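>>> here is my input; please provide its structure:
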Amino acid sequence: MSLVFAGVCSHAPGITGRAERADNTIREELHANYDKMRQAIEDAGAEALVVVAAEHFANFFMDNMPAFCMGMADFYEGPIEDEEWLKIKRRRVPGNAGLSERLIKKIMQDVDVAYAQEWKFDHGIMVPLHFLTPRYDLDIVPVNINCQGPPLTPLHRAWAFGKALRLACDAASERIAIVGTGGISHWPATPDSGKINEEWDREFLDRFIANDREALISYSDEETYRDGGQGGFEIRTFISIAAACEGCKGELWYYAPIPIYAVGCTVAVISLH
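Residues are numbered from 1 along each chain as shown. Below is the predicted model of the structure:
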């Protein structure tokens, strides 16, 4: 088995950009759980990390919006945002074009996926990497699921992608970790920024931890927009990770609504056994 770790975490830019403005205890607990995930990835002996994310019109626009896209390059650059705003220094992030190509070819047997040989990472990938690979010494394979430009990728297709990703990882010789990054509920760049629906978040996390496919893919976009904001569409990244671990249960390591970060912050894992 080549998939050695699976988890999910939040990627809001405020987590780094406004880090000092959160309550010290809450911030330190969140950071401790990111570090716990970093250690788990290292302990699993991962040689590459697939980051399933939702970007924010940094590379993909309404003139070209694939349902799924994977990076296929030897390196990537990020963050695309202002370094002072995000408080993450711009750098080259190592990729692995050969591994990416093998994963893409395998996934294409079941799910159509686009690929990109150039990719500038935004906070959706750079914030998690800041905590999970602080030395930037792990090969990264980026994935974007269209969570931003309607018509959005259907939830059942996000599940199908996750299952195909698992097959591809297990066919690879490398030891691979996968992490989905996103919300959960948030209303970024709107007058409601900072609003968090904790009840909706916790219900979704219950479904994720139980790895209940039917419950996870039952959300309509209208319901998600109403209850979780436009940022709530990022549940697709979590759903893909659940699908990659179909039949396995998860464990919630951390959840807290942190308004200054404008999101309910989450760190969770799924057992592969």
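>>> contacts, neighbours, all on C-alpha from now
OK.
>>> neighbours of Ala164, how many?
Neighbourhood size, Ala164 [other CA atoms under 10 Å]: 23.
>>> can you name the residues that contact it?
Lys106, Ile107, Asp110, Val111, Ala244 (CA atoms under 8 Å, 6 or more residues apart in numbering).
>>> please list only the buried members of those residues.
Lys106, Ile107, Val111, Ala244 (16 or more other CA atoms under 10 Å).
>>> give the contact list for the third one.
Listed by CA under 8 Å, 6+ apart, the contact set of Val111 reads Ala160, Phe161, Ala164.
>>> dump the buried ones among the contacts of Ala164 into CSV; add pLDDT as well.
Putting the buried ones among the contacts of Ala164 into CSV (pLDDT from 0 to 100) gives the following:
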residue, pLDDT
Lys106, 98
Ile107, 98
Val111, 98
Ala244, 98
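>>> can you tell me the closest non-neighbouring residue to Leu138?
Spatially, and ignoring its direct neighbours in sequence, Leu138 is nearest to Ala48 (5.6 Å; CA to CA, 6 or more residues apart in numbering).
>>> state the pLDDT value of the one you found.
On pLDDT, Ala48 comes in at 98.
>>> show me the contacts for it.
Counted by CA under 8 Å, 6+ apart, Ala48 has contacts Leu138, Asp139, Ile140, Val141, Glu174, Arg175, Ile176, Ala177.
>>> most neighbours among these, which one?
Per-residue neighbour counts (other CA under 10 Å) across the contacts of Ala48 peak at Ile140, which has 31 neighbours.
>>> pairing partners for whichever strand or helix holds that one, with directions?
Counting by DSSP states H and E, the element that carries Ile140 is strand 139-145. As defined by DSSP bridges, the strand partners of strand 139-145 come to strand 48-53 (parallel), strand 68-71 (antiparallel).
>>> check which residues of the helix or strand following that strand are buried.
Downstream of strand 139-145, the first helix or strand assigned by DSSP H and E is helix 155-171. For helix 155-171, the neighbour count (16+ other CA under 10 Å) marks 155-170 as buried.
>>> stretch 206-224 now?
Neighbour counts over stretch 206-224 (16+ other CA under 10 Å) mark 206-213, 216-217, 219, 221, 224 as buried.
>>> where does the closest residue to Ile239 other than its chain neighbours land on pLDDT?
Nearest non-adjacent residue to Ile239, counting by CA to CA, 6+ apart: Trp159, 5.9 Å away. Trp159 is assigned a pLDDT of 98 by the prediction.
>>> ok, Trp159 to Asn211 distance?
Applying CA to CA, to the nearest Å, the value for Trp159 to Asn211 is 11 Å.
>>> who's Cys265 bridged to?
Ala256.
>>> contact partners for it?
Cys9, Ser10, Leu30, Gly183, Ile184, Tyr254, Tyr255, Ala256, Pro257, Ile258.
>>> using ChimeraX, make a named selection holding only the buried ones among those residues.
The buried residues among the contacts of Cys265 can be selected in ChimeraX (16+ other CA under 10 Å) with this line:
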select :9,10,30,183,184,255,256,257,258
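>>> mind checking which of the contacts of Cys265 land in helices?
Among the contacts of Cys265, DSSP state H puts Leu30 in helices.
>>> need the contacts of Cys265 in a markdown table with distance to Arg21 and pLDDT, can you?
Formatted as a markdown table, the contacts of Cys265 follow (distance: CA to CA, whole Å; pLDDT from 0 to 100):
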| residue | distance to Arg21 | pLDDT |
| --- | --- | --- |
| Cys9 | 20 | 98 |
| Ser10 | 17 | 97 |
| Leu30 | 13 | 97 |
| Gly183 | 19 | 87 |
| Ile184 | 20 | 94 |
| Tyr254 | 19 | 98 |
| Tyr255 | 18 | 97 |
| Ala256 | 15 | 96 |
| Pro257 | 14 | 96 |
| Ile258 | 10 | 95 |
